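# just coords:
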């Protein structure tokens, strides 16, 4: 039975969204991760959009392969017309500019106890909208100026490089009008404290490092993620369980697949061995997806977030926040009443 409390998770999701407006600071590491993922999403999004206008999403294979597979799997009629390209480019990059301005604002909020972050945010938005207007002015609904479009992409690249410099700003170690320090959060009448991203113990440096990344518990992480808590959607999971659970699964299943294929090949003919290997592959894939889903939800719980955030992994830009919470955010260490 799936122990997922749908209504409780919904209430927690609304609480998480409300807390985003109360806690508006970003540490240097959080900002760096967000900026990198934003850069990747903007450029991949613009690349896919550009490929649509030039109609180049088409894979070419040899004739024998195409005869059986190309028309079913690998052919692509993906193509968009000029007006749609302009609309998608403007909407996509305006949203991207807002996310970038929000990251910059929260990074400056972590450095300064003033409203400078809001002023810089307005400047970034106004400048990006102006650049997009200039780009749109040089386009037409029956012809796309590729040179101006590449200049637009170049501007976005240099903008991200420039904003990357904010990583050098030190964090304010005191609470200010924008929230608490060190990634801690205020939630209603409570203060939520998180563990440091890396916290060494009192033993030797080598033991500290291996314990911190979880290697000494790699087998336990695999058992917890893929066996003991396969259908557990209520409890919590630390980062090491996700990291080492996935890595150990890849190592074990790849080794097992090779052994099984050799075993099938020596007992059956090659066609039967291939079919058996494909069936085993899909069984492992289903097992892997179920384990990842439950561990992802438990990872969200470990950071004080609703399991519904996993849905946002399929929503551009919002998935940056969810991905950071799942993969990088440390565990809650304690909760205190104000």
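Looks like it arrived, so ask away. If you're wondering where the values come from, they're calculated on a predicted model, not measured in any experiment.
# who touches residue 177 in this structure?
Going by Cβ atoms under 8 Å, 6 or more residues apart in numbering, residue 177 touches residue 113. (Each C-beta comes from the backbone N, C-alpha and C, glycine too.)
# so which strand or helix has residue 18?
Using DSSP states H and E, residue 18 sits in helix 6-22.
# list the buried residues for that helix?
Buried residues in helix 6-22, counted by 16 or more other Cβ atoms under 10 Å: 9, 12, 13, 16, 19.
# after that helix, next one along is what?
Sequence-wise, the next helix or strand downstream of helix 6-22 (DSSP H and E) is helix 28-54.
# which strands and helices sit next to the helix holding residue 18?
strand 185-187 (3 or more Cβ pairs under 8 Å, 6 or more residues apart in numbering; DSSP states H and E).
# the helix or strand that the strand it packs on is followed by packs against which elements?
Later in the chain than strand 185-187, the nearest helix or strand by DSSP H and E is strand 190-194. In terms of contacts (3+ Cβ pairs under 8 Å, 6+ apart), strand 190-194 is packed against strand 185-187, strand 332-337.
# try 6 Å
strand 332-337 (3 or more Cβ pairs under 6 Å, 6 or more residues apart in numbering; DSSP states H and E).
# closest to residue 314 out of the buried residues of helix 6-22?
residue 13 (15.7 Å; Cβ to Cβ).
# distance of the closest one from residue 306?
4 Å (Cβ to Cβ, to the nearest Å).
# how about the buried residues of helix 6-22 in TSV, adding distance to residue 328 and pLDDT?
Converted to TSV, the buried residues of helix 6-22 look like this (distance: Cβ to Cβ, whole Å; pLDDT from 0 to 100):
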residue	distance to residue 328	pLDDT
9	22	92
12	20	92
13	20	94
16	17	93
19	18	91
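# closest one to residue 280 out of those, please.
Closest to residue 280 out of these is residue 9 (34.0 Å), distances taken as Cβ to Cβ.
# got the contact list for the closest one?
306, 307, 308 (Cβ atoms under 6 Å, 6 or more residues apart in numbering).
# now, among the buried residues of helix 6-22, which is nearest to residue 249?
If you rank those by distance to residue 249 using Cβ to Cβ, residue 9 comes first, at 26.0 Å.
# separation between that closest one and residue 224?
21 Å.
# about what we covered before: need the buried residues of helix 6-22 in TSV with distance to residue 49, can you?
Below are the buried residues of helix 6-22 laid out as TSV (distance: Cβ to Cβ, whole Å):
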residue	distance to residue 49
9	34
12	35
13	30
16	31
19	34
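# for the stretch 201-338 of the chain, which segments count as helices?
With DSSP state H, counting those that start in this stretch as the criterion, the stretch 201-338 of the chain has helices at 205-213, 218-223, 239-267, 270-302, 318-327.
# between these, which one is nearest to residue 105?
Closest approach to residue 105 among the helices of the stretch 201-338 of the chain (Cβ to Cβ): helix 318-327, 14.6 Å.
# neighbour-wise, which of the contacts of residue 9 leads?
Neighbour counts for the contacts of residue 9 peak at residue 307, which has 24 neighbours (criterion: other Cβ atoms under 10 Å).
# correct me if wrong: it contacts residue 297.
Yes - between residue 307 and residue 297 there is a contact under Cβ atoms under 6 Å: 3.9 Å.
# what sits up against stretch 235-245?
214, 218, 221, 222, 224, 225, 295, 298, 299, 301, 302, 331.
# give me the buried positions along that stretch.
Within stretch 235-245, the residues scored as buried using 16+ other Cβ under 10 Å are 236, 237, 238, 239, 240, 241, 242, 243, 244, 245.
# nearest to residue 89, of those?
Looking across the buried residues of stretch 235-245 and measuring by Cβ to Cβ, the closest to residue 89 is residue 242, at 35.4 Å.
# ok, how many other residues are close to residue 326?
So residue 326, with other Cβ under 10 Å, has 25 neighbours.
# what do you get for residue 191?
16.
# find the nearest non-adjacent residue to it, please.
Distances taken as Cβ to Cβ, 6 or more residues apart in numbering put residue 336 closest to residue 191, at 5.0 Å, once the chain neighbours are dropped.
# give me the number of residues near the one you found?
By other Cβ under 10 Å, 10 other residues sit near residue 336.
# one more: residue 266?
A count of neighbours around residue 266, defined by other Cβ under 10 Å, yields 8.
# residues in contact with it?
No contacts exist for residue 266 under Cβ under 6 Å, 6+ apart.
# please report how far it lies from residue 226.
28 Å.
# helix, strand or coil for residue 79?
Three-state assignment for residue 79 (DSSP: H, G, I helix; E, B strand; the rest coil): coil.
# tally of neighbours for it?
Counted with other Cβ under 10 Å, residue 79 comes out at 15.
# need the per-residue pLDDT for it.
Per-residue confidence (pLDDT) for residue 79: 78.
# need the contact list for residue 113.
Taking Cβ under 6 Å, 6+ apart, one finds residue 176 in contact with residue 113.
# quick check: phi and psi on it?
Main-chain torsions, residue 113, degrees, to the nearest 10: phi -90, psi 30.
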